[in-house]
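Novice: Predicted coordinates and the sequence they were generated for:
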Amino acid sequence: MSSRGRYEDISTLLYLVPFVGGFVYGLVLWIENGISLVLPRTVYLDVTRDPIFFTIASLAVLLGVIMEVNGTDLVARPAKLASLGNTLQSIAVAALVLVLICAFYANGFTDVSGTATDFIVGRYGLVFPAMLILLSYLITARFNVAALGNRKVMAVIAMLLVPASLYEIGKRQTALGLVVALAFLVIGLALYLVPEKKPSPPKQE
């Protein structure tokens, strides 16, 4: 096996750390709490609020990116960076969907408001995919002041403001903190998921 193939295999394993690690960590906590039909909310929140697990998952993905870039020839690196940008966004979307499903499961697939609350309270479940989206943009675009107006960057900023609003405003008024956090979440998801309308070309006379 070539060194390039070995780097890609190792990086793929590193990209799986957030998912496999989260599953194993959650399963251990679930067993300790007693296996039940519905995932306990405490288990969901313990995993998504754990700064150590968040750090390990983030470093694993970053290390995977570094290994892939270092294992690529200089000539092929621009194409590799573009590919890595797509990979990071795919991981971010998969992580976001998985966290939402787990939050829904922890609320018995019936309590939508409880699901939204747990999703916001479990801050790293939101910060992690937002961080990956921002990283994907930074490695595929030359950063400048004008780039701050990019929809993806604005979406990441909005999503990162969700936990900040929850804890800063929520410390004073819990209901207001939840409303503001939910508003930032909706804005962030809309900016990222809804395609931007391109201006129609001017009509030729």
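Specialist: In hand now; what should we look at?
Novice: Report all helices and strands that the one helix or strand Tyr15 maps to contacts.
Specialist: Tyr15 is part of helix 3-33 when elements are defined by DSSP states H and E. Helices and strands touching helix 3-33, by 3 or more C-beta pairs under 8 Å, 6 or more residues apart in numbering; DSSP states H and E, are helix 41-48, helix 51-70, helix 77-106. For the C-beta atoms, the positions are set from N, CA and C on the backbone; glycine is no exception.
Novice: Show me how far stretch 84-100 is from its chain's centre.
Specialist: With C-alpha atoms, centre = their mean, to the nearest Å as the basis, stretch 84-100 stands 6 Å off its chain's centre.
Novice: change the start of the numbering to 338 and stick with it
Specialist: Okay, using 338 as the starting number, the last item reads as stretch 421-437.
Novice: pLDDT on it, on average?
Specialist: In this model, stretch 421-437 has an average pLDDT of 91.
Novice: roughly how far apart are the closest residue to Leu366 other than its chain neighbours and Tyr442?
Specialist: Residue nearest to Leu366 in three dimensions, not counting chain neighbours: Val380, with 4.6 Å by C-beta to C-beta, 6 or more residues apart in numbering. As judged by C-beta to C-beta, to the nearest Å, Val380 and Tyr442 stand 10 Å apart.
Novice: more crowded one of those two?
Specialist: In this view Val380 and Tyr442 are compared by other C-beta atoms under 10 Å, and Val380 has more residues nearby, 21 against 14.
Novice: Just confirm the more buried one contacts Trp367, I think it does.
Specialist: Yes - when contacts are counted by C-beta atoms under 8 Å, Val380 is listed as touching Trp367 (5.1 Å).
Novice: For the most centrally placed residue in the chain, which residues are in contact?
Specialist: Nearest to the mean C-alpha position of the chain, by C-alpha atoms, centre = their mean, lies Pro466 at 0.8 Å. Pro466 is in contact with 428-430, 432-433, 436, 496, counting by C-beta atoms under 8 Å, 6 or more residues apart in numbering.
Novice: Is it possible to get CSV of these that adds neighbour count and distance to Leu515?
Specialist: Shown next, in CSV, are the contacts of Pro466 (neighbours: other C-beta atoms under 10 Å; distance: C-beta to C-beta, whole Å):
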residue, neighbour count, distance to Leu515
Ile428, 21, 28
Ala429, 22, 24
Val430, 15, 24
Ala432, 21, 22
Leu433, 21, 19
Val436, 22, 18
Met496, 24, 15
